[in-house]
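> Test case, fold it:
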Amino acid sequence: MKAGMVERAARMLTFKPLVYGYANARVRAMRTALLSRRQIEELIRIRTNAGVAEYLTRTSYKDDFGGLPANLGDEERVEIAISRNFARTARKVLRITPKQGKPTIVALLGRYDAHNIKTILLARKLGKSKQETEMLLLPAGSISSGELESMLDAKNADELYDMIKKTQFGGKFLASEFSKHLPKAQIQAALKNPQEGRLEILLAAIDSYYYHVVSSAVMPEDKDSKTVLDLLQKEIDAKNILTIMRLKQGGAERKEIAKSLVSGGSIQQKHIEKMLGAKDAFEVAKLATELFFSKAGKLQIAEVQKKYEQDGMLSHFEVAFENWLAKKSLVALRRSMMSLGTIAGFLFLKEEEVNNIRKIVRGKALGLSPQQIEQMMVLVE
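Here you go, the predicted model:
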């Protein structure tokens, strides 16, 4: 009798509608606050970033504009507000996630630790100011705003290395197998001179570590967990394809490109080798199309390839892959019932919303037309 009671209690504790019912209901309600396609199109048509800021104060972003310094420009106001909003949303999602699912969501939020460290490194490479870099950060992971501030204020490579090592994410990464092939001296050399190719290898190692951590946290015990793992693998595949294309376009050697790839994707090594051996970025795109896209998708990619042939801009392919991944995330969100998949799917969609707003304000700051900005959008129905 006692054994039967224990068994029934265990079933109740793992019964999805009971465990995830409240969290999923909250997440689905939060999804209704995401900007619609119509609202994104309206933002694109607004003429100035002042107008974009005013529009967003009439949406779920309204509270995030409060208390901003008066001397900020309109683009900066929007950038900081949407970063605040995303961080606040991520904390809320983590708070409402059931205990069983928290380790996975914490691991998923590590993508923003990886994003922030990589952004700081790339900003140094591009000579961006502290203020410009700060606007690109998403403080939604384990690295605190104070730790990010310390990294931004680092005076040299040694100091930046120490600041990264002091963070929870950075410390574990530097102690992991993913940084073993990059000794401390080599990492510091990459930080000291970001123009060198080894920075690409360091960035790939950071990504590989993140994907390993999150894949280990997702237990492939059911269909929804496998869906999350599939999304992560496809994200790795897209990153690797774009890395190969970008480095080939830049004239990098095959060995250097191979070292810059992220581990953990689903593309077989023989296909990776074919792409590494391709003569140029366009040939890589053709090989990738065969792997990634359905018959309908291939027609869309054909249009992207035409644009690439005209201007040589890899951003056309980036948007195509982002749209493809966003649609997969939306499918995961709609199909997952009372599970972790619903929560993970929402986080992916929220991130795309923030990315879209950023593209809009940056596009307007650069004087791009609404048509040019629209081409950069990742929109799902």
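> Can you report phi and psi for residue 367?
Here the main-chain torsion angles of residue 367 (degrees, to the nearest 10) amount to phi 80, psi 20.
> give the contact list for it.
Applying Cβ atoms under 8 Å, 6 or more residues apart in numbering, one finds that residue 367 lies in contact with no residue. Glycine gets a C-beta too; all of them are placed from N, C-alpha and C.
> With residue 141 as the reference, measure out to residue 206.
The span separating residue 206 from residue 141 equals 12 Å under the rule Cβ to Cβ, to the nearest Å.
> which residues are contacting the helix or strand harbouring residue 372?
The secondary structure element spanning residue 372 is helix 370-374 (assigned by DSSP states H and E). Residues outside helix 370-374 that contact it (Cβ under 8 Å, 6+ apart) are 41, 44, 45, 359, 360, 363, 364.
> For the stretch 1-150 of the chain, which segments are assigned as helices?
According to DSSP state H, counting those that start in this stretch, the stretch 1-150 of the chain carries its helices in the segments 2-14, 16-31, 37-45, 49-56, 74-96, 102-126, 130-134, 145-152.
> Include mean neighbour count, mean pLDDT and distance to residue 194 when you put those into JSON lines, please.
Rendered in JSON lines, the data for the helices of the stretch 1-150 of the chain read as follows (neighbours: other Cβ atoms under 10 Å; pLDDT from 0 to 100; distance: least, Cβ to Cβ, whole Å):
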{"stretch": "helix 2-14", "mean neighbour count": "9", "mean pLDDT": "42", "distance to residue 194": "48"}
{"stretch": "helix 16-31", "mean neighbour count": "16", "mean pLDDT": "79", "distance to residue 194": "38"}
{"stretch": "helix 37-45", "mean neighbour count": "15", "mean pLDDT": "96", "distance to residue 194": "33"}
{"stretch": "helix 49-56", "mean neighbour count": "18", "mean pLDDT": "97", "distance to residue 194": "29"}
{"stretch": "helix 74-96", "mean neighbour count": "19", "mean pLDDT": "94", "distance to residue 194": "22"}
{"stretch": "helix 102-126", "mean neighbour count": "20", "mean pLDDT": "92", "distance to residue 194": "3"}
{"stretch": "helix 130-134", "mean neighbour count": "15", "mean pLDDT": "90", "distance to residue 194": "13"}
{"stretch": "helix 145-152", "mean neighbour count": "17", "mean pLDDT": "95", "distance to residue 194": "14"}
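> Surely residue 236 touches residue 242?
No - counting by Cβ atoms under 8 Å, residue 236 does not reach residue 242; the two are 11.0 Å apart.
> How about the contacts made by the residue nearest to the spatial centre of the chain?
Nearest residue to the geometric centre of the chain (Cα atoms, centre = their mean): residue 111, 6.4 Å. Listed by Cβ under 8 Å, 6+ apart, the contact partners of residue 111 are 141, 210, 214.
> and of the contacts of helix 370-374, the nearest to residue 376?
residue 359 (4.7 Å; Cβ to Cβ).
> ok, and the closest one, which helix or strand is that part of?
Residue 359 belongs to helix 340-365 when assigned by DSSP H and E.
> Which of the residues in that helix are classified as buried?
Within helix 340-365, the residues that count as buried by 16 or more other Cβ atoms under 10 Å are 340-364.
> again, but for stretch 184-191
Buried residues in stretch 184-191, counting neighbours by 16+ other Cβ under 10 Å, are found at 187, 188, 189, 190, 191.
> How far off centre is that stretch?
Distance of stretch 184-191 from the chain centroid (Cα atoms, centre = their mean, to the nearest Å) equals 25 Å.
> Any chance you could give me it in PDB, C-alpha atoms only?
The C-alpha trace of stretch 184-191 is given here as PDB (Å, rounded to 0.1, in the frame of the first residue of the first chain):
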ATOM      1  CA  LYS A 184      45.900  31.300 -21.300                       C
ATOM      2  CA  ALA A 185      48.600  33.000 -23.200                       C
ATOM      3  CA  GLN A 186      46.800  32.400 -26.500                       C
ATOM      4  CA  ILE A 187      43.500  33.700 -25.100                       C
ATOM      5  CA  GLN A 188      45.200  36.800 -23.800                       C
ATOM      6  CA  ALA A 189      46.900  37.300 -27.100                       C
ATOM      7  CA  ALA A 190      43.500  37.200 -28.800                       C
ATOM      8  CA  LEU A 191      42.200  39.800 -26.300                       C
END
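> Spit out the residues that contact residue 206 and residue 141 alike.
residue 114.
> Which of the three states applies to the residue lying closest to residue 359 once chain neighbours are set aside?
The shortest distance from residue 359 to any residue other than its chain neighbours is 4.7 Å, reached at residue 376 (Cβ to Cβ, 6 or more residues apart in numbering). Using DSSP: H, G, I helix; E, B strand; the rest coil, the three-state assignment for residue 376 comes out as coil.
> Residue 376 is in contact with residue 363, isn't it?
Yes - the pair residue 376 / residue 363 is scored as a contact, 6.8 Å apart, by Cβ under 8 Å.
> Next, check the buried residues of stretch 184-191 against the helices and list the overlap.
Among these, the members falling in helices (DSSP state H) are 187, 188, 189, 190, 191.
> residues in contact with the helix or strand harbouring residue 210?
Using DSSP H and E, residue 210 maps to helix 198-217. Contact with helix 198-217 is made by 103-104, 106-108, 110-111, 113-114, 117-118, 121-122, 125, 172-173, 176, 178-179, 181-182, 186-187, 189-190, 229, 232, 235-236, 239, 243, 247, 256, 259-264, as judged by Cβ under 8 Å, 6+ apart.
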